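> how would this look folded up:
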Amino acid sequence: MNIQRAIYRKTVVVKPVGSDLANGDELLQAYQSIIDDSPGATNRYLLKIEPGVYYIGETTLPMQPY
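Okay, the predicted model is just below:
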């Protein structure tokens, strides 16, 4: 079995902080911090979202391959 493991430059963990809306804001801020740091093939990030309800309204959260 050939298992490929990705090496991540940074892991960003998002935890619930209160209301569904506050959790959603926290998630969006974490996502934006990754985008601002220019992720790519040599600058990989892992976004770990802990269990909870994250309300982001009509906003989309397009996950990047890196």
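> all strands of the protein, in order?
Counting by DSSP state E, the chain has strands at residues 10-14, 45-49.
> so of these, which one's packed in deepest?
strand 45-49 (a mean of 16; mean count of other Cβ atoms under 10 Å). No exception for glycine: its C-beta is placed from N, CA and C like everyone else's.
> mean confidence for it?
Confidence over strand 45-49 (mean pLDDT, whole number) is 91.
> next one: stretch 56-65
Stretch 56-65 comes out at a mean pLDDT of 86.
> Now the terminal residues of it, how far apart.
From its first residue to its last, stretch 56-65 covers 21 Å (Cα to Cα, to the nearest Å).
> what does it rub up against?
The contact list for stretch 56-65 (Cβ atoms under 8 Å, 6 or more residues apart in numbering) reads Gly24, Leu27, Leu28, Tyr31, Ile34, Ile35, Pro39, Leu47.
> With stretch 20-27 instead?
Applying Cβ under 8 Å, 6+ apart, the contact partners of stretch 20-27 are 14-17, 49, 52-57, 59, 61.
> how about 10 Å then?
With Cβ atoms under 10 Å, 6 or more residues apart in numbering as the test, stretch 20-27 has contacts from 12, 14-19, 47, 49-50, 52-57, 59, 61.
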